[in-house]
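J.: Prediction below, plus the sequence it came from.
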Amino acid sequence: MEIDWELCLHNGGQKELFESPARFKIIACGTRWGKSTVSANKVISYGLDNPKATIWWTAPTFEISEVGKETIFKTANGIDLFLRENKVRKILPMITQSQIQFKSADNPVSLLAKGDIDLLIVDEPAQIPDEVWHRYLRRTILDHCGEAWFPGTPKGKNWFYENFLLGQDSSYPEFASFHHPTWDNPLLDKQEIELIKRTTPELIFRQEYGAEFLEDASSVFRNIDLCAIGKLEKPKPGKRYIIGSDPAKYRDFWVNIVGEADRPNVIAIQRSNKLDWGFQKQRLFLLAKEYNNAHVLIDSTGVGDPLYEDLSRIGLNINPYHFTAESKRQIIENLALMIEQTLITYPPIPEVLNELKAFEYSLTSGRNLKYGASTGKFDDCVIALALYAWMVRPESFIDMSLLTGFGKRELATTTMDGF
């Protein structure tokens with residue numbers, strides 16, 4: 001059977017994967033380098049060259065494995081290489097009677113097989129527990145001494161890292177390691193990558209784009225302690241202040257962080273929970289009044305929206321900040337850059353320092369960043385600090401598209417009417 005299909009690879013390291021004779025290829029690559037594309041090329045070429053082969057594409061979730069399937073279809077370039085897909089069993093048959101099956105590692109028991117897999121793609125291995133590889137996936141290629149590819153972005157030093165080290169050890173010729181940062185992809189704009197580097201926290205850039213294996217892989221903030229040189233202060237006559245406010249009532253804390261308006265320096269914090277809404281609104285009102293009618297930026301998402309309306313109605317000088325995935329990313333990365341570059345100072349308050357150190361990022365199935373506190377921790381101080389920092393960020397960081405009103409009107413005189 002003659003099939004008019006050819007490999008489609010860029011010159012940024014993809015071709016060398018096909019030239020290596022190693023059975024196990026560990027590919028540490030930055031986002032958008034082209035791991036899905038090169039893996040799709042491997043799957044198609046293997047299925048065409050080895051009729052009746054059994055191929056698995058395994059990912060942390062079915063949603064990620066669907067991205068792999070879509071890339072396979074795209075890589076086929078319109079050539080009819082497949083038969084009718086079995087969507088229930090998630091099997092894509094090829095015209096050579098090879099079968100591509102899409103698997104999810106979030107249900108390890110479903111990965112139990114006879115050991116007759118010929119080619120195994122382990123997509124984003126750093127997001128898959130080591131037990132899944134050692135207990136379930138490794139055995140699937142036992143009978144046929146099948147090949148295994150591990151394309152993904154590092155996330156700490158886990159089993160993906162351990163396998164990467166094997167690929168650098170001449171004692172294990174079956175393994176080969178490949179390292180390709182995002183900028184190895186010749187199809188990407190180098191100026192765009194440079195812009196991302198300048199506007200992304202260093203640890204995140206080094207891992208997600210530089211494909212480095214880092215110890216504190218999920219940490220967002222660095223140089224936290226270097227910035228903890230401020231001190232608590234009472235308000236000074238004539239000075240302007242800003243408050244970042246993250247409201248909460250029960251499990252979480254309502255945190256108000258006060259800082260100077262003319263430089264990024266925190267001088268006061270107010271933290272409380274399990275208090276009546278009215279009482280907490282009054283506390284914020286009085287705090288703002290104490291600090292020379294400070295301007296407030298409040299998280300207006302969810303319960304914050306009616307709180308903002310109430311506080312605005314009684315004359316507090318306040319602006320809302322509505323959180324979406326994108327707007328949260330902007331203020332968190334702004335804070336991370338300011339801390340990393342030691343452009344902000346704050347007192348060494350244990351609650352603030354602990355929350356900053358426990359604040360993490362993770363990746364969604366679409367490889368978008370998601371920020372939040374680690375399991376069982378709080379992030380209210382982080383959010384309040386980020387809101388304050390957003391108002392005093394350096395001019396080089398400024399994007400006014402998400403901020404309404406600040407700087408466009410004078411500080412208002414507030415009253416107690418309305419409580």
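T.: Looks like it came in fine.
J.: domains of the protein?
T.: The chain is divided into the following domains under automatic domain parsing: 14-208, 224-402.
J.: and the longest one, average pLDDT?
T.: Rounded to a whole number, the mean pLDDT of domain 14-208 is 94.
J.: what's the nearest residue to E333 if we skip its chain neighbours?
T.: Counting by CB to CB, 6 or more residues apart in numbering, the nearest residue to E333 once its immediate chain neighbours are dropped is P201, at 6.1 Å. In this view, the C-beta of every residue, glycine as well, is placed from N, C-alpha and C.
J.: In contact with A176, which residues are there?
T.: S20, A22, F24, K25, I26, G167 (CB atoms under 8 Å, 6 or more residues apart in numbering).
J.: Closest to G152 out of those?
T.: Closest approach to G152 among the contacts of A176 (CB to CB): I26, at 9.0 Å.
J.: Might you report the residue contacts of that closest one?
T.: By CB under 8 Å, 6+ apart, I26 lies in contact with F150, F160, N163, F164, L166, G167, F175, A176, S177, F178.
J.: And for H295?
T.: Contacts were defined as CB under 8 Å, 6+ apart; by that measure H295 touches R240, Y241, I242, I243, A261, N317, I318, N319, M391, F406, L411.
J.: From the residues you listed, which land in helices?
T.: The helices in this structure, assigned by DSSP state H, contain M391 from these.
J.: What is the nearest of the contacts of H295 to F213?
T.: Each of the contacts of H295 was scored against F213 by CB to CB, and M391 proved nearest at 36.4 Å.
J.: hang on, that closest one packs against I243?
T.: No - applying CB atoms under 8 Å, one finds M391 not in contact with I243, separated by 9.1 Å.
J.: between these two, which one's more packed in?
T.: With other CB atoms under 10 Å as the criterion, M391 and I243 differ in neighbour count, and I243 comes out ahead with 26 against 21.
J.: Tell me the predicted confidence for the more buried one.
T.: We have a pLDDT of 97 for I243.
J.: so it bridges to which residues?
T.: Beta bridges link I243 to V258, V296, judged by DSSP bridges.
J.: Help me confirm that it comes into contact with Y388.
T.: Yes - counting by CB under 8 Å, I243 sits close enough to Y388 to count as a contact (7.0 Å).
J.: Mind telling me what element K103 is part of?
T.: K103 is part of strand 99-104, with elements assigned from DSSP states H and E.
J.: for that strand, packing partners?
T.: strand 54-59, helix 62-75, strand 91-93 (3 or more CB pairs under 8 Å, 6 or more residues apart in numbering; DSSP states H and E).
J.: before we move on, the earlier item: now distance to G302 and secondary structure too, for the contacts of A176, in CSV please.
T.: Supplementary listing: those in CSV, determined by distance: CB to CB, whole Å; DSSP: H, G, I helix; E, B strand; the rest coil:
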residue, distance to G302, secondary structure
S20, 52, coil
A22, 51, coil
F24, 47, strand
K25, 46, strand
I26, 43, strand
G167, 47, coil
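J.: Selecting buried members of those residues in PyMOL, what would you type?
T.: Buried members of the contacts of A176, identified by 16 or more other CB atoms under 10 Å, are gathered into one PyMOL selection as follows:
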select buried, resi 22+24+25+26+167
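J.: just curious, which of the contacts of A176 is nearest to A294?
T.: Looking across the contacts of A176 and measuring by CB to CB, the closest to A294 is I26, at 53.2 Å.
J.: Check the gap between that closest one and P320 for me.
T.: 47 Å (CB to CB, to the nearest Å).
J.: What of L188?
T.: Counting by CB to CB, the separation of L188 from P320 is 37 Å.
J.: How far off centre is the strand holding K103?
T.: Using CA atoms, centre = their mean, to the nearest Å, the mean C-alpha position of strand 99-104 is found 26 Å from that of the whole chain.
J.: what's in contact with the helix or strand that it is followed by?
T.: Per DSSP H and E, the first helix or strand lying C-terminal to strand 99-104 is strand 119-122. Contact partners of strand 119-122, identified using CB under 8 Å, 6+ apart, comprise 39, 42-43, 46, 53-58, 68, 128, 133, 137, 140-141, 146-152.
J.: Which residue is the nearest non-sequential neighbour of D123?
T.: Counting by CB to CB, 6+ apart, D123 lies nearest to A59, which is 4.0 Å off, once chain neighbours are set aside.
J.: which residues sit in contact with that neighbour?
T.: Residues in contact with A59, defined by CB under 8 Å, 6+ apart, are S65, V67, G68, F102, K103, S104, A105, D123, E124.
J.: try it again with 10 Å
T.: 36, 65-69, 102-106, 121-125, 127-128, 152, 365 (CB atoms under 10 Å, 6 or more residues apart in numbering).
J.: same thing with Q127?
T.: With the criterion set at CB under 10 Å, 6+ apart, Q127 makes contact with 59-61, 64, 105-106, 152-153, 155, 158, 160, 362-363, 365.
J.: go on, A40?
T.: Shown here is A40, whose contacts under the criterion CB under 10 Å, 6+ apart are 8, 34, 57, 68-76, 100, 121.
J.: Just the buried ones from those, in PyMOL syntax?
T.: The PyMOL command for the buried members of the contacts of A40 (criterion: 16+ other CB under 10 Å) is given here:
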select buried, resi 34+57+68+69+71+72+75+76+100+121
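J.: Which pair of the contacts of A40 spans the longest distance?
T.: G34 and I100 (19.1 Å).
J.: Switch the domains of the chain over to CSV; also include distance to L214.
T.: Converted to CSV, these look like this (distance: least, CB to CB, whole Å):
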stretch, distance to L214
domain 14-208, 5
domain 224-402, 12
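J.: Nearest to E215, out of the ones you listed?
T.: domain 14-208 (6.5 Å).
J.: Please tell me how far the closest one is from the chain's geometric centre.
T.: In terms of CA atoms, centre = their mean, the centre of domain 14-208 is set 20 Å apart from its chain centre.
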